[in-house]
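S.K.: 3D, please:
(one chain, ligands or ions: 2)
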Amino acid sequence: MRAPLIVIEGLDRTGKSTQTAKLCKRLNGYLVKFPNRETRIGKLLNQYLTDKSNPMPLEVAHLLFSANRWEMIKDIEDSLNKGTPVVMDRYVYSGVAYSMAKGLDIEWCLAPDKGLPKPDITIFLKANDLDSISQREGFGEERYEVASLQTSVRNNFETLRSRFDEWEVILIDGKDIDQVHEQIWKLVCPLARGLTTGLNRF
Ligand code: FDM
Ligand code: MG
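M.R.: Ligands and ions are numbered 1, 2, ... in the order given. The predicted structure follows:
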């Protein structure tokens with residue numbers, strides 16, 4: 001038996017951090033947030049995201065986000081194999097959706113992540129009301145938090161959802177933290193006992 005790999009995706013300020021933390025606690029799991037700003041590559045990414053006066057080529061940023069996932073891969077696989085569920089706050093799909101929004105091609109974007117473990121379930125927290133997101137506290141502080149980019153990222157998430165079959169969508173408009181958590185729990189519960197199938201790969 002191995003533990004499940006669970007991914008929560010969504011636009012900025014849709015409650016991913018709150019929901020991944022809550023879910024992880026309930027599962028007694030290992031929480032992995034991407035970008036992980038603590039690693040060697042993560043420190044570079046943090047600088048890139050927070051210092052808007054210091055750009056880098058889109059392709060370089062994309063490859064660094066991917067490298068940041070590869071940096072974590074041993075920890076993630078060890079955890080799954082010893083039976084501890086992994087809950088992720090963003091993963092490959094954020095990488096692709098944000099880079100596509102900046103003009104990169106989908107196949108090019110997916111290539112460096114080839115071989116990473118595939119989630120057993122990806123839960124997309126979907127907001128139809130983008131205005132209310134951009135009004136949430138802190139929005140606009142970082143590089144990608146601009147309303148026009150968010151619309152494009154949302155469309156790209158829809159493209160990815162039709163291509164990958166483990167996706168589930170939860171509409172968050174008008175729901176409170178506990179309501180969203182219970183919906184997530186219903187989806188995750190059947191996986192929580194563990195899986196007999198091996199890990200899939202991108
Ligand atoms: N982001 C995140 C990417 O552009 N590519 C990636 O691979 C990942 C994981 O980084 F705007 C973007 C998404 C977001 C920014 O993420 C910082 P957090 O979740 O706000 O820290
Ligand atoms: Mg953010």
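S.K.: Helices along this protein, start to end?
M.R.: 16-27, 40-50, 58-71, 73-81, 92-101, 106-110, 130-134, 147-163, 177-188 (DSSP state H).
S.K.: Next, see if the fifth one gets close to ligand 1.
M.R.: Spelled out, that is helix 92-101. Yes: using CB under 6 Å from any ligand atom, helix 92-101 reaches ligand 1 at 94-95, 98. Bear in mind the C-beta positions are built from the backbone N, C-alpha and C, glycine included.
S.K.: before we move on, back to that, Throw the helices of the chain into CSV and include mean neighbour count and mean pLDDT, thanks.
M.R.: CSV is the format used below for the helices of the chain (neighbours: other CB atoms under 10 Å; pLDDT from 0 to 100):
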stretch, mean neighbour count, mean pLDDT
helix 16-27, 18, 98
helix 40-50, 16, 97
helix 58-71, 18, 98
helix 73-81, 15, 98
helix 92-101, 24, 98
helix 106-110, 16, 98
helix 130-134, 14, 82
helix 147-163, 16, 95
helix 177-188, 15, 98
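S.K.: How about the residues of the protein by ligand 1?
M.R.: 12, 34-35, 49, 65, 90, 94-95, 98, 144.
S.K.: residue at max distance from the center of the chain?
M.R.: Ser53 (25.5 Å; CA atoms, centre = their mean).
S.K.: quick one: contacts for Asp12?
M.R.: Neighbouring residues of Asp12 by CB atoms under 8 Å, 6 or more residues apart in numbering: 133, 139, 142, 144-145, 150.
S.K.: What are the neighbouring residues in contact with the residue nearest to the spatial centre of the chain?
M.R.: Nearest residue to the geometric centre of the chain (CA atoms, centre = their mean): Arg90, 1.2 Å. Arg90 makes contact with 7-9, 16, 33-35 under the criterion CB under 8 Å, 6+ apart.
S.K.: coming back round to it: same list, the residues of helix 92-101 next to ligand 1, but as TSV with distance to Lys25 please.
M.R.: Shown next, in TSV, are the residues of helix 92-101 next to ligand 1 (distance: CB to CB, whole Å):
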residue	distance to Lys25
Ser94	22
Gly95	26
Tyr98	28
